[in-house]
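**Q** Fold the following and give me the result.
(2 chains)
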Amino acid sequence: MKKKILLVDDEETLCWALHEALSEEGFDIENTNDSVKALEFTRKTKYDLVISDLKMPIMGGLQLISEIKKQNPDTKAIIITAYGSIEAVIEAMHLGVLDFITKPFKIEQIKRVIYRVLSDSAISSLNNNISSTKSTDNEGLKNDLCSQTDVFFVAKDVTETANNIFYDVVEIGKLKAFISGSISHEMDIKNVEVLVKTIFRYVLKKGNSPAFLLKEINQYLCKNILKRLPVSLFCAVLDERRQTLCYSIHGEELTCFISLPDKEVARLESSPFPLNMFPGIVIMERNVPFVAGSRVVMIRNSALSKVLKSGTITADRFKDAISDGSAANCEDMAKGIKLQIEGLDESIAGGGGCAVIVLGSGFATQTSALCEEVMSIPLPIGNYGEILEQFDRKLVPLVADDCKRSEVVTSVNEAVLNAVYFAYHKDEKGDIFLKFSLLGDEVIAEVSDHGCGFDMQTYTEPDITLYKDLTKKTGRGIFIMKQLMDRVVIQSSKEMGTAVHMAKRVSCNED
Amino acid sequence: MKIERREKEKATILSPTGDLVYEGIDELENQFKISCDNAHHVILDFAHTRYISAKALGIMAFYLKNFRDRQKGLKLIHVNENINKLLVITGLLKLIEIFETEDAAIASLGHQVGKLEKMLLWSKENLTQEYP
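**A** Modelled structure (predicted):
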């Protein structure tokens, strides 16, 4: 059945353009430039979605949504505005508006938002679960179940303190932005929750760095909440293409771990300083690999954080539960860890109420990551021209774009020449090893040797003056690599030799 | 890897047949050294060269200055996209002139000033016109 959408905007041209574009998508569209008429429409017809301008004569968008929600609370709403002030956004979110579109916008942009809002996404399920859990909470312990248990799961008590935890997930293309936090029970959780989630979604339109998001949230909290009570927040952006997780954690009561397939569980670094205390607090972010099967575990338990900090118990105690291979999905893992915490002595971690959130990758192992080409070059090198041709041939199945392939070959050539000249003290015998692989949409090149390495302490970053100051003859190869590739990391030690890791985003060869 | 050398009018044309990355670099430096001693300008033809290394670019930068001190020019022809990008990121494109063909490069050799000097002269002329 066609989804019914009501468009309300006093700008007739915009209304008409949207009507045309959305009708083509198969929606049943009705539009009006009068908000009072729109209210009459909603009395006669039940719409799945109302898209309204914010500023309109007689009755503004927020008032209209408020009236529609009184008649039919299930009607979803999106606001369009040229005046996207955070205050208006917060008010709209309080009314239940699901998203904001700022003018000018592209039709494709609004289509994406409409599909997301109308679909039963993890976000809406999450939010519905939060409200339903709150309204039907009983005594005793109960788990709060979220959909997509292989991607995300929250296990928590229904005690007052454990309820003061909130979370939100937003998907933007191949990025998944996640926020979770907790506040002191003395505060009004609903207000802070709405404020944090709204700012989170609003700021995501401007940038998706966790440090930037937390900085903006912290500043708004400091300005809008007069009580200086600590707010702990975990914010992460998962990049499916790069298979990395960029995160930032603030506040002492959150303890976070990361579990990667075939690797030991590690604790994620966090700042002990909570938010909503100082507007100018410095917020840092870190990047970690996050391949298919990886999980992030966030434990909210202030007592547990204190004993972990004091060393009364160690993080190793939870590592088995986190790396437990029998936990098939996030749900099993979250429940398992929560049970383990509950099993601890009451004096250690029993008092504060406990919540465990497990976040999974949500994507399957990329078969393209297995696409690898390996070769070794024995020294001394004979016909280097032929070897360079081989680099190119190895890269043809991985990289479609000739120009980008040439840039990768040029960079790899520099790494190889570096090894030839320095690793084995020129002309001595040895081997240089090469591996090309495709990870997501990035081609990864690794050039390593088992030579004598070089002193990383004396290594300095090459700069652009290399070709102007003709007395400087070292660092040119590294300079070229860094200019042509997206990321370059050099590791060197006397024991292991030198390894140059390079990555460049490319268009993959479909064949 | 060989570098073919021939003279045409007032230029010496160096044509490497292969990549200037490893074996070819010493040969390139030798050819430049030889060119220092005669009065000819130098044209480097990259028609058969796909890749050049950082070291080769360093040698080009060194001899570009050396030739200029001797009132000679170093011009490039048939430069592919990859080499062109290297010239851009190393800043050499500001100092070295690239031509589509050998004839165009030779025709430009009448000027006894380099690209940078020409730009400076041009800007001075413009300044004089605006503020006589």
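**Q** rest of the way, CA atoms for contacts and neighbours
**A** Noted.
**Q** Need the residues that contact the strand or helix carrying A:Leu62.
**A** Taking DSSP states H and E as the definition, one finds A:Leu62 inside helix A:61-71. Defining contact as Cα atoms under 8 Å, 6 or more residues apart in numbering or on different chains, one finds that helix A:61-71 is touched by A:35, A:39, A:42-43, A:50, A:52-55, A:75, A:77, A:79, A:91-92, A:95, A:97.
**Q** please redo it, this time with the cut-off set to 6 Å
**A** For helix A:61-71, contacts defined as Cα atoms under 6 Å, 6 or more residues apart in numbering or on different chains pick out A:Ser52, A:Asp53, A:Leu54.
**Q** Stretch A:24-41 now?
**A** With Cα under 6 Å, 6+ apart as the test, stretch A:24-41 has contacts from A:Lys2, A:Lys3, A:Lys4, A:Ile5, A:Leu6, A:Leu7, A:Val8, A:Asp9, A:Asp10, A:Met59.
**Q** Quick check: the gap between the third one and chain B.
**A** Read it as A:Lys4. Look at A:Lys4 and chain B: by Cα to the nearest Cα, to the nearest Å, they are 53 Å apart.
**Q** That residue contacts A:Ile51, correct?
**A** No. Using Cα atoms under 6 Å, A:Lys4 and A:Ile51 do not qualify as a contacting pair, with a distance of 11.0 Å.
**Q** buried ones in the helix or strand hosting A:Asp320?
**A** Taking DSSP H and E as the criterion, the element that holds A:Asp320 is helix A:316-322. Across helix A:316-322, burial judged by 16 or more other Cα atoms under 10 Å in any protein chain shown covers A:Phe318, A:Lys319, A:Ala321, A:Ile322.
**Q** Would you mind listing what in chain B touches chain A?
**A** Taking Cα under 6 Å from any Cα of the partner chain as the test, the list of chain B residues beside chain A reads B:Ala54.
**Q** Just want the residue of chain B that's nearest chain A.
**A** For chain B, the residue closest to chain A is B:Ala54, as judged by Cα to the nearest Cα, at 5.3 Å.
**Q** give the contact list for that residue.
**A** With Cα under 6 Å, 6+ apart as the criterion, the residues that contact B:Ala54 are A:Arg476, A:Gly477.
**Q** now with 10 Å?
**A** Taking Cα atoms under 10 Å, 6 or more residues apart in numbering or on different chains as the contact definition, B:Ala54 lies against A:410-411, A:413-414, A:417, A:467, A:473-481, B:20-21, B:60, B:86, B:90.
**Q** from those residues, which would you call buried?
**A** Judged by neighbour count, with 16+ other Cα under 10 Å as the criterion, the buried members of the contacts of B:Ala54 are A:410-411, A:413-414, A:417, A:467, A:475-481, B:20-21, B:60, B:86, B:90.
**Q** next one: phi and psi at B:Ser108?
**A** phi -80, psi -10 (degrees, to the nearest 10).
**Q** tell me the contacts of it?
**A** Contact criterion Cα under 10 Å, 6+ apart gives B:Gly73, B:Lys75, B:Glu97, B:Phe99 as the residues in contact with B:Ser108.
**Q** What is the burial count for the last one?
**A** By that I understand B:Phe99. By other Cα atoms under 10 Å in any protein chain shown, 17 other residues sit near B:Phe99.
**Q** For the residue nearest to it when sequence neighbours are not counted, name its beta-bridge partners.
**A** Closest residue in space to B:Phe99, ignoring its immediate chain neighbours: B:Ile77 at 4.9 Å, by Cα to Cα, 6 or more residues apart in numbering or on different chains. Here B:Ile77 sits in beta bridges with B:Asp45, B:Phe99, as judged by DSSP bridges.
**Q** before we move on, back to that, what lies in contact with the next helix or strand along the chain from the helix holding A:Leu62?
**A** The helix or strand immediately downstream of helix A:61-71 is strand A:76-81, counting by DSSP H and E. Where contact means Cα under 10 Å, 6+ apart, the residues beyond strand A:76-81 that reach it are A:5-9, A:47-55, A:61-62, A:65-66, A:68-69, A:88-89, A:92-93, A:95-105, A:110, A:113-114, A:117-118.
**Q** Those residues, buried ones only, as a ChimeraX selection?
**A** Of the contacts of strand A:76-81, the buried ones go into a single ChimeraX selection, burial set by 16+ other Cα under 10 Å:
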select /A:5,6,7,8,9,47,48,49,50,51,52,53,54,55,61,62,65,66,68,69,89,92,93,95,96,97,98,99,100,101,102,110,113,114,117
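**Q** In strands, which of the contacts of strand A:76-81 appear?
**A** Where the contacts of strand A:76-81 overlap with strands, as defined by DSSP state E, the overlap consists of A:5-8, A:49-53, A:99-102.
**Q** Next, give phi and psi for the residue at minimal distance from the centre of chain A.
**A** Nearest to the centroid of the C-alpha atoms of chain A, with distances taken as Cα atoms, centre = their mean, sits A:Val237, at 1.3 Å. With angles defined as degrees, to the nearest 10, A:Val237 shows backbone torsions of phi -120, psi 120.
**Q** Would you check that it makes contact with A:Leu214?
**A** No. Because the distance of 11.9 Å does not satisfy Cα atoms under 10 Å, A:Val237 is recorded as not touching A:Leu214.
**Q** Now list whatever residues contact both of those two.
**A** Between them, A:Val237 and A:Leu214 share these contacting residues under Cα under 10 Å, 6+ apart: A:Ile179, A:Ser248.
**Q** Which part of the stretch 151-300 of chain A gets nearest to chain B, residue-wise?
**A** For the stretch 151-300 of chain A and chain B, the shortest gap (Cα to the nearest Cα) falls at A:Arg242, measuring 25.4 Å.
**Q** the strands in chain B, which residues?
**A** Using DSSP E, the strands of chain B run over B:2-8, B:11-17, B:41-45, B:74-77, B:97-99.
**Q** tilt between the second one and strand B:41-45?
**A** Right, the one you point to is strand B:11-17. Using axes from the mean of the first three to the mean of the last three Cα atoms, to 10 degrees, the direction of strand B:11-17 lies 20 degrees away from that of strand B:41-45.
**Q** Give me the contacts around strand B:11-17.
**A** B:1-7, B:24, B:27-28, B:31-32, B:35, B:38-50, B:72-77, B:102, B:105-106, B:109.
**Q** Using ChimeraX, define a selection of the buried residues within those residues.
**A** Of these, the buried ones go into a single ChimeraX selection, burial set by 16+ other Cα under 10 Å:
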select /B:1,3,24,27,28,31,32,35,40,41,42,43,44,45,46,49,50,72,73,74,75,76,77,102,105,106,109
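**Q** is it fair to say A:Val416 lies in a helix?
**A** Yes. The secondary structure assignment for A:Val416 places it in a helix, going by DSSP: H, G, I helix; E, B strand; the rest coil.
**Q** pLDDT below threshold where in chain B?
**A** B:110-132 (pLDDT under 70).
**Q** Now do the helices in it.
**A** Counting by DSSP state H, the segments of chain B that form helices are B:23-36, B:54-69, B:81-90, B:102-107, B:115-130.
**Q** Highest mean neighbour count out of those?
**A** Per residue and on average, the most neighbours among the helices of chain B fall to helix B:54-69, with a mean of 19 (mean count of other Cα atoms under 10 Å in any protein chain shown).
**Q** picking up where we left off before, look at the closest residue to the residue nearest to the centre of chain A other than its chain neighbours and give its secondary structure.
**A** Beyond its immediate neighbours in the sequence, the residue positioned closest to A:Val237 (Cα to Cα, 6+ apart) is A:Ala177, lying 4.4 Å away. Under the three-state scheme (three-state DSSP), the conformation of A:Ala177 reads as strand.
**Q** Run through the bridge partners of A:Ala177.
**A** A:Val170, A:Val237.
**Q** My guess is A:Pro261 contacts A:Val291. True?
**A** Yes. The pair formed by A:Pro261 and A:Val291 meets the contact definition of Cα under 10 Å, at 7.9 Å.
**Q** Comparing the two, which residue is more hemmed in?
**A** Just comparing A:Pro261 and A:Val291: by other Cα under 10 Å the higher neighbour count belongs to A:Val291, 25 against 14.
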